[in-house]
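A.B. asks: following is a predicted model, sequence given first.
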Amino acid sequence: MKNLTYTISIIIAVTIAYIFPDYFTSIGDFKMSKLILPLLQIIMFGVGATLTFADFTAVIKTPKKIIVGMLCQFTIMPFVGFAIAKSFNFPPEIAAGLILIGSCPSGLASNVMCVIANANVALSVTLTTCATLVAPFITPLLMKYLGGSFVDIDALKMFWDINKTIILPIIGGFMLNYFLPKFAKSIHSILPYLSMVGIALILMIIIASGQKSLQQVGFLLIIAVFIHNTVGYLLGFYSAKVLGFEEVDCRTIALEVGMQNGGLGTSLANELGKAATMGLAPAIFGSMMNVTASILAAFWKNKKPKESVEGQ
């Protein structure tokens, strides 16, 4: 119910931002887009504050699952995004946004959905963490070679942008948890709510900034993002299934692949000065995946994994 409330809240928030864009683009001379980077840094600092060394031991214990999950994450979504961008013939910067969100790692929401879906939560957390840590190296390269056909991409700048947006805040949060564990634990209860509010604000700012572009390509872009999102779930699930993974792991990889870090995508677009165009696909994706993942997770919640049933 809490997850459904968050999903509905996101839909309402972005709808309000679309209808009343002026309230979310600037306050006086202050541009609201300047809030995107610090908001995401606060969210990622919170992520780091929940991590311990134990969270990384799973990489050693289940290397095959981690490798497969990472390969699916950084091949399926970028190339599907590229194919969709080419097929729909969007303006270059809008098209590049589809590749950008496809080239981002998975986000925190996938971990929550895995809990609801009776999936492998430990694997989900490890995959999200690993994908996030390698993103500074992989995301700029994918954008350079796939997104470069639509817009000019400075891979080195993007490398630094990702580091300052997610890696440095995560390290800061991790150090806080390591040296001041009691204090870090005391703020754990507020971190999910802080993340929810932060993501909602980021999405509202991007939707408001790109309202005019959305009026031109909105319906088609929503369809394109929906295809991108659902194909990610399908290919993620069946790639793991073909390799003989248990259903709990197939569910996990499906959610990890199909769900992306929309906040990072919008922040990177904003750092490039293209929040109103390249940032639209990540913003719509970030909103839509909460809806589709909620439906998928609810379906799986009421359907026990086959291996679990057999094991009883």
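C.D. replies: That came in fine, so what should we check first?

A.B. asks: which helix runs longest in this protein?
C.D. replies: Ordering each helix of the chain by length in residues (DSSP state H) puts helix 211-242 first.

A.B. asks: for it, what is the average pLDDT?
C.D. replies: Throughout helix 211-242, pLDDT has a mean value of 94.

A.B. asks: dihedrals phi and psi, Ser26?
C.D. replies: Dihedral pair for Ser26: phi -160, psi 150, per degrees, to the nearest 10.

A.B. asks: just checking, it touches Ile205?
C.D. replies: No. Assessed by C-beta atoms under 8 Å, Ser26 is found out of contact with Ile205, at 10.0 Å. All C-beta atoms are positioned from the backbone trio N, CA, C, and that covers glycine.

A.B. asks: which residues do those two both contact?
C.D. replies: Residues touching both Ser26 and Ile205 (C-beta atoms under 8 Å, 6 or more residues apart in numbering): Met32.

A.B. asks: which one of those two is surrounded by more residues?
C.D. replies: Ile205 (27 against 15; other C-beta atoms under 10 Å).

A.B. asks: helices and strands of the chain: which one has the lowest mean pLDDT?
C.D. replies: helix 306-310 (a mean of 51; mean pLDDT, DSSP states H and E).

A.B. asks: please state the offset of the longest helix of the chain from the chain centre?
C.D. replies: Centroid displacement of helix 211-242 relative to its chain, using C-alpha atoms, centre = their mean, to the nearest Å, is 13 Å.

A.B. asks: helices and strands around that helix, which ones?
C.D. replies: helix 2-19, helix 63-88, helix 92-103, helix 247-258, helix 280-301 (3 or more C-beta pairs under 8 Å, 6 or more residues apart in numbering; DSSP states H and E).

A.B. asks: could you list the buried residues of the longest one?
C.D. replies: Residues of helix 63-88 classed as buried by neighbour count (16 or more other C-beta atoms under 10 Å): 65-66, 68-70, 72-74, 76-85, 88.

A.B. asks: repeat that for stretch 113-130.
C.D. replies: 113-114, 116-121, 123-130.

A.B. asks: from those, which land in helices?
C.D. replies: Those of the buried residues of stretch 113-130 lying in helices (DSSP H): Met113, Cys114, Ile116, Val121, Leu123, Ser124, Val125, Thr126, Leu127, Thr128, Thr129, Cys130.
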